[in-house]
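[1] Okay, predicted coordinates and the sequence, questions at the end:
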Amino acid sequence: MKDAQNKLAPLRQKIDSLDEELVKLIVQRFGVVDQVIEIKRNTKLPASIPERIEKVVQNAIEKSKDSSVPEVTIERLWRLLIAETIAYEEQNLALK
């Protein structure tokens, strides 16, 4: 057990570091979404645009093709990210 913990420790540190980077990227993404919200508000576009959703999901799947991550996992993660983004947009579009 102790040997396994010692072997896992550096991998866990790497995962923690990657998680930190992912959080930073998500924060940056939502910063861009704030700009999108302003444009959508001014042009009366809805938060959810199905064609765009499908394009974003397909782009993510395509970019992961050469990895060991199952396509279904990428699709689920991106659909969750998009759903949260749309909820954020809808909430903020309703504020003004």
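    All right, it came through fine. Numbering: from 1, shown residues only.
[2] and Cys67, helix, strand or coil?
    Careful, residue 67 is Ser; it's not Cys. coil (DSSP: H, G, I helix; E, B strand; the rest coil).
[3] what's around it, how many residues?
    10 (other C-beta atoms under 10 Å). Every C-beta, even on glycine, is put in place using the N, C-alpha and C of the backbone.
[4] Local confidence estimate at Leu95?
    We note a pLDDT of 85 for Leu95 in this prediction.
[5] longest helix anywhere in this structure?
    As assigned by DSSP state H, the longest helix anywhere in the chain is helix 2-43.
[6] and the helix or strand following that one, what does it pack onto?
    Remark: after helix 2-43, the chain's next helix or strand is helix 50-63, criterion DSSP states H and E. With contacts taken as 3 or more C-beta pairs under 8 Å, 6 or more residues apart in numbering; DSSP states H and E, helix 50-63 sits against helix 71-95.
[7] Quick one: list the elements packing against the longest helix of the chain.
    When contacts are defined as 3+ C-beta pairs under 8 Å, 6+ apart, helix 2-43 packs onto helix 71-95.
[8] Quick one: distance of the helix it packs on to the chain centre.
    8 Å (C-alpha atoms, centre = their mean, to the nearest Å).
[9] Would you mark the buried spots in that helix?
    For helix 71-95, the neighbour count (16 or more other C-beta atoms under 10 Å) marks 74, 78, 82, 85-86, 89, 92-93 as buried.
[10] and which of the residues you listed is nearest Ile49?
    The closest of the buried residues of helix 71-95 to Ile49 turns out to be Ile86 (C-beta to C-beta; 9.2 Å).
[11] so how far is Lys55 from that closest one?
    Distance from Ile86 to Lys55, counting by C-beta to C-beta, to the nearest Å: 14 Å.
[12] export the buried residues of helix 71-95 to JSON lines and tack on distance to Ile15?
    Listed next are the buried residues of helix 71-95 as JSON lines, based on distance: C-beta to C-beta, whole Å:
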{"residue": "Ile74", "distance to Ile15": "18"}
{"residue": "Trp78", "distance to Ile15": "20"}
{"residue": "Ile82", "distance to Ile15": "24"}
{"residue": "Thr85", "distance to Ile15": "24"}
{"residue": "Ile86", "distance to Ile15": "28"}
{"residue": "Glu89", "distance to Ile15": "30"}
{"residue": "Asn92", "distance to Ile15": "32"}
{"residue": "Leu93", "distance to Ile15": "35"}
